[in-house]
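1. here is a sequence with its predicted model. Questions after.
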Amino acid sequence: MAGIVKPPGEFSITPHKVSVCILLQIYAPSVQISLPFPFASVAQHNRLGLFLLALTKSCDDILEPKLDELISQLREVFGVLNPRFVDHLTTRLSALSSPDDLFNFFTEMRGILGGPESCALEDEQVILDPASNLGMFLRRCILAFNLLAFEGVCHLLTNIGVYCKEALSSCASYETTCFEDSSSNLEAFPEYENMDLENFVFKKVTEEIEARKRASERVSFHLHAPKALFDLVEDIEAPADPKSKHSDKVGETSPYVHPPNYALKEFEPNSGIFLRTNWQIQGYLQEQADALEKNGSSFSLNAFELILRQLHKLAPELHRVHFLRYLNSLCHDDYFAALENLHRYFDYSAGTEGIDFVPPASGSNSFGRYEIALLFLGMMHFQFGHPKQALEVLTEAVRVSQQLSNDTCLAYTLAAICNLLSEIGVSNTAGILGSSFSPLTSIGISLSVQQQLFVLLRGSLKRAESLKLKRLVASNHLAMAKFDLTHVQRPLVSFGPKASMKLRTCPTNVCKELRLSSHLISEFGFESSTMTTDGAFSTAWLKNLQKPLGSAILSQENGSGSNENAFQFCVQPSSIPGSVLQLIGSSYLLRATAWELYGSAPLARINALVYATCFTDASSSSDAALAYVKLIQHLAVFRGYKEAFAALKIAEEKFLSVSKSRILILKLQLLHERALHRGHLKLAQQVCDELGVLASSVTGVDMELKTEASLRHARTLLAANQYSEAAAVAHSLFCMCYKFNLQVENATVLLLLAEVHKRSGNAVLGLPYALASLSFCQSFNLDLLKASATLTLAELWLSLGSNHAKRALSLIQGALPMILGHGGLELRARAYIAEAKCYLSDPSFSVSENSEVVLDPLSQASVELQVLEYHELAAETFYLMATVFHKLGQLEEREEAANSFKKHMMALKNPLDDEDPLFNVL
């Protein structure tokens, strides 16, 4: 393997850390240095600071880079300025030829740290804050050096010599000075000539180096031994890494992965015996898995297979080794071996992968735990759309976990049940959830599904907190936020006249839970964090440092060049594990959903943009697609269908369009909206049928998709003036939503029923539905939907006659701030038209005196409706404008408005357009 193996134990000073200290001295020179390093610009100085930050963040990684690798990184990052860095670095390293030089060097390093006297320094001098990341690294290096015994200092000096010789073997003068005559180094320091210990140490170190040179090309070492002793691994041999250069292609993947030109014919004799922790090996396996999936052809089948066999021999409990052997065989088309290793991986990793396992108190067998197998089986039933089977299996997993005292599995199982009850419509859990889930059932109180879900969420959260399962705690906080977003928290037990009757959701609780879920990221804000358990180490700092920016979210060109002159340092790299990033990203997606419901379009868009910009690399394809869906929906509502379909085309290329994918559903939604607006009722009905086919036939599954299909079916019937059929579909949908407690969807269905009665001429029958929808919106804080319901209520009052024009106008003006601030093109146009109709219906209003009050909103509505290609409302707008112009006597403007009215009416009556590329898209 490439790089230099670090010694076991805590933080220790190594030649690589000495090199980083030298670079730190270039970045922040001490007062004693009269001539600072000649940087060409402030940007180059800042670039060095970020590069050092990345190096210090990777100090606890699996391998430390060799000097030639560090020089290669400097060359890639700094380009033309690189020779100066390399010359300064190698000169300072070569000058460290005695213990006194090391003592003087670390004494000088103290001078670059800021202190109480730093306020008296010159303005242009750069000092390091002792509490910063760079300052903490330097303090740890100084402390580690001060703790070294004299023998350790001599060993460090020898290691620095070997470290330099490997990279500078072509420099004859350096080799002659430092390695050919070790006795001359001793004679150069007369002050140590009477110290037998120093002579003894140098003699022993020199003999060790010579012995390594004469050794065979196989070296014994141990890769994974959290509790092992050195004497247990002296007889185990494994190949060490040859001196090889990374190709550019692999270097882009990771500077710490297995090199593609790995050869077994030569091994490094200077590796020695070493130990590594379980976390380090897990991190190494994770890096190799990523590299295999990205560039598997660069790996040698036999060479990498030999390494994996040695790892399995040393630590049989590392089941991911089987997974890497599967990937290695699959990349080289050895399908029989790949299948065999995949079966081994599942056989040996049963119940040990995928969760943070805490050994049960009973000390049962660590393989094949039945309760975790039940948990995975229940999750599989959930993914395949079998809610009853999933709930039964998960209930059994709870019982077995309680019997075996497996608290960790119990916590994860409760979280899985909560996820199932929140995602899938379950109208009744009688006979499935036992008394252990509902403590109040013992006193004769029956709980609804939502109350049981609330009890389970609180219990799961408390259990995860007690077990200190940080990621599960964050996930439970997200689940609580989602619950508070769509459910009114009624008291479980309420009796007496003073019982609380506040039936509203609380956005403050949602924000609180989202904030608490984001606290997980603070676990990675310091170097001693114990949260990194899945192998995602801080090598990501170096990887992300070399990743260029500017990749557009919805851009045709997603490729990134490797121009080192365009190297950018605008974003701080991340060393946070992918699973944590996925959780944090989910919180932003939930924030976007919350702001959509609450009616703040700008905040919803901002949170979706944050997710698409920062978390798509670590997220699942489903979540990433959801972020793109939200952004494209925003484009359709506020910019029109032209831009939305252009963005959709890019999203379709990025995400695989499979059955029930979010991108496919979005495409059908956009097609249906555009077809209704343009009067393509056949196409709209065809799209409704496609949506209905995508939904599962299992009761309670795909409730969101079923609701969406029914809503659009009713709207299609309404557009076709089939009022009774539309009302029947909407009424059936309301009953389904009520059965499965989909209260937010009920508000939309009630509003649709009010619209059906308004269009059919029965405004009196539509008023109760509009008022009921308004009540739902107030209870769930659906501000934008409330404004839409208020607008519909005003239109209903206006339909009852001109006597109610002022009341309708008052309702519209009360909702206008919300509509104009957060509403889309269609909602704003409807508000403008309704406001103009109120003025025109008012007998006391004079068009000749205040024509601008009517013409201005109508002109704005016409512009927005033409962007949407909404022919029906656009025709109504131009009809009203023509009427106003006729009353004003402006004949030319009247004729222009009349011609526009005629054009939209013709387009509405003849919707077929052979030139429309979207007409035959299905």
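-> Noted; the coordinates are in hand.

2. so after the helix or strand harbouring A882, what's the next helix or strand?
-> Counting by DSSP states H and E, the element that carries A882 is helix 871-888. Later in the chain than helix 871-888, the nearest helix or strand by DSSP H and E is helix 891-909.

3. packing partners for that next one?
-> helix 871-888 (3 or more Cβ pairs under 8 Å, 6 or more residues apart in numbering; DSSP states H and E). Bear in mind the C-beta positions are built from the backbone N, C-alpha and C, glycine included.

4. quick one: buried residues of the helix it packs on?
-> Within helix 871-888, the residues scored as buried using 16 or more other Cβ atoms under 10 Å are 871-886.

5. check which residues of stretch 614-628 are buried.
-> C614, F615, T616, A618, S619, D623, A624, A625, L626, A627, Y628.

6. quick one: contacts for the fifth one?
-> Okay, so that is S619. L581, Q582, G585, S586, Y611, A627 (Cβ atoms under 8 Å, 6 or more residues apart in numbering).

7. now do the second one
-> Under the criterion of Cβ under 8 Å, 6+ apart, the contact list for F615 reads L581, Q582, I584, G585, Y588.

8. and those, which is closest to Q813?
-> Y588 (35.2 Å; Cβ to Cβ).

9. count of neighbours near the nearest residue to that closest one once chain neighbours are set aside?
-> Counting by Cβ to Cβ, 6 or more residues apart in numbering, Y588 lies nearest to Y611, which is 4.3 Å off, once chain neighbours are set aside. Residues lying near Y611 (other Cβ atoms under 10 Å) number 28.

10. select from the contacts of F615 every entry located in strands.
-> Nothing among those maps onto strands, per DSSP state E.

11. need the residues you listed in CSV (columns: pLDDT).
-> Putting these into CSV (pLDDT from 0 to 100) gives the following:
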residue, pLDDT
L581, 82
Q582, 85
I584, 88
G585, 89
Y588, 93
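
12. in helices, which of those appear?
-> Using DSSP state H, L581, Q582, I584, G585, Y588 are the members of the contacts of F615 that sit in helices.

13. check which element follows the helix or strand hosting L311 along the chain.
-> When elements are defined using DSSP H and E, L311 is found to belong to helix 301-314. Downstream of helix 301-314, the first helix or strand assigned by DSSP H and E is helix 320-331.

14. just want the angle from that next one to helix 301-314.
-> Orientation note: helix 320-331 sits at an angle of 170 degrees relative to helix 301-314 (axes from the mean of the first three to the mean of the last three Cα atoms, to 10 degrees).

15. list the buried ones in stretch 288-300?
-> Counting neighbours by 16+ other Cβ under 10 Å, stretch 288-300 gives Q288, A289, D290, A291, L292, N295, S298, F299, S300 as buried.

16. among the residues you listed, which one lies nearest to G640?
-> Taking Cβ to Cβ as the measure, G640 lies nearest D290 of these, at 40.8 Å.

17. the closest one belongs to a helix?
-> Yes. Counting by DSSP: H, G, I helix; E, B strand; the rest coil, D290 is part of a helix.

18. before we move on, back to that, export the contacts of S619 to CSV and tack on distance to E673?
-> Output for those, formatted as CSV (distance: Cβ to Cβ, whole Å):
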residue, distance to E673
L581, 34
Q582, 31
G585, 28
S586, 28
Y611, 24
A627, 20
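
19. I'm done for today, thanks for sticking with me.
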